[in-house]
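K.L.:
Mind folding the following:
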Amino acid sequence: MADDERRLIDDCLAGDEDACTRLVDAHARMVGTVMWRAIGDHRMVEDLTQDTFLRVFHALPSFDRRAKLSTWIYTIAHRVAIDHLRKRGRWQEDSFDAAADEEWAAGIEDVAAPSTEHPDVAFAREEDINLVRNALTRLPDKYRLPLVYAAIDGLDYTTIATMLGVTVGAVKTLVFRAKRMLKDEIANAY
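P.N.:
Residues are numbered from 1 along each chain as shown. Below is the predicted model:
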């Protein structure tokens, strides 16, 4: 752990409100992204992000300083999201409606070609993006989340394993199965 991160934690534990604000500011975007990817309801992201940081500050005294702070916070965020899904009866059963908000496509559309692209190619690319987006929404959360965390959010398998509370090997298996399921979903769409 870096000295500045250690100092930030110490300042938060000492009750320094500015330090707490800096900690939130440093991690709020990714926590919000974890929430969005998990639940797909933009109306709940802010509330669940706040809940995450309440849990972070409550548990901060027991934080193991050998761990990576960001991974620990994202693990709490993932658990808050899963708790929310379980309360709604959606965990591992239903998928969410990605079309409800265009933010969902941001990670996929990052690979879009420049605007100088021929209109026919751009149209085909947009159709492909929509096809993948819709296929992702049909995957069970158990498989969709590790795949999204790895492929779209760019998290490494060790971080995802920590977030999910599983081994790296289990993450690899989940991502492999998710890719296979996604491939099947796309093939069935044709």
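K.L.:
Mind telling me what element the residue nearest to Leu48 when sequence neighbours are not counted is part of?
P.N.:
Spatial nearest neighbour of Leu48, excluding adjacent residues (CB to CB, 6 or more residues apart in numbering): Met35 at 4.8 Å. (C-beta placed from N, C-alpha, C; glycine too.) Element membership for Met35, per DSSP states H and E: helix 17-39.
K.L.:
In stretch 18-37, which residues are buried?
P.N.:
By neighbour count with 16 or more other CB atoms under 10 Å, stretch 18-37 contains the buried residues 19-20, 23-24, 27-28, 30-37.
K.L.:
Extract the C-alpha set from the helix holding Met35 and format it as PDB.
P.N.:
Provided in PDB are the C-alpha atoms of helix 17-39 (Å, rounded to 0.1, in the frame of the first residue of the first chain):
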ATOM      1  CA  GLU A  17     -14.000  14.900   6.600                       C
ATOM      2  CA  ASP A  18     -11.800  16.100   3.800                       C
ATOM      3  CA  ALA A  19     -10.000  12.800   3.700                       C
ATOM      4  CA  CYS A  20     -13.300  10.900   3.600                       C
ATOM      5  CA  THR A  21     -14.400  13.100   0.700                       C
ATOM      6  CA  ARG A  22     -11.100  12.400  -1.100                       C
ATOM      7  CA  LEU A  23     -11.600   8.700  -0.600                       C
ATOM      8  CA  VAL A  24     -15.100   8.800  -2.000                       C
ATOM      9  CA  ASP A  25     -14.100  11.000  -4.900                       C
ATOM     10  CA  ALA A  26     -11.200   8.600  -5.800                       C
ATOM     11  CA  HIS A  27     -13.500   5.600  -5.900                       C
ATOM     12  CA  ALA A  28     -17.000   6.800  -6.600                       C
ATOM     13  CA  ARG A  29     -16.900   6.400 -10.400                       C
ATOM     14  CA  MET A  30     -15.800   2.800 -10.300                       C
ATOM     15  CA  VAL A  31     -18.200   2.000  -7.500                       C
ATOM     16  CA  GLY A  32     -21.000   3.500  -9.600                       C
ATOM     17  CA  THR A  33     -19.800   1.500 -12.600                       C
ATOM     18  CA  VAL A  34     -19.900  -1.700 -10.500                       C
ATOM     19  CA  MET A  35     -23.400  -0.900  -9.400                       C
ATOM     20  CA  TRP A  36     -24.500  -0.100 -13.000                       C
ATOM     21  CA  ARG A  37     -23.000  -3.200 -14.400                       C
ATOM     22  CA  ALA A  38     -24.600  -5.400 -11.700                       C
ATOM     23  CA  ILE A  39     -28.100  -3.900 -11.400                       C
END
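K.L.:
Before I go, just wanted to say thanks for your time.
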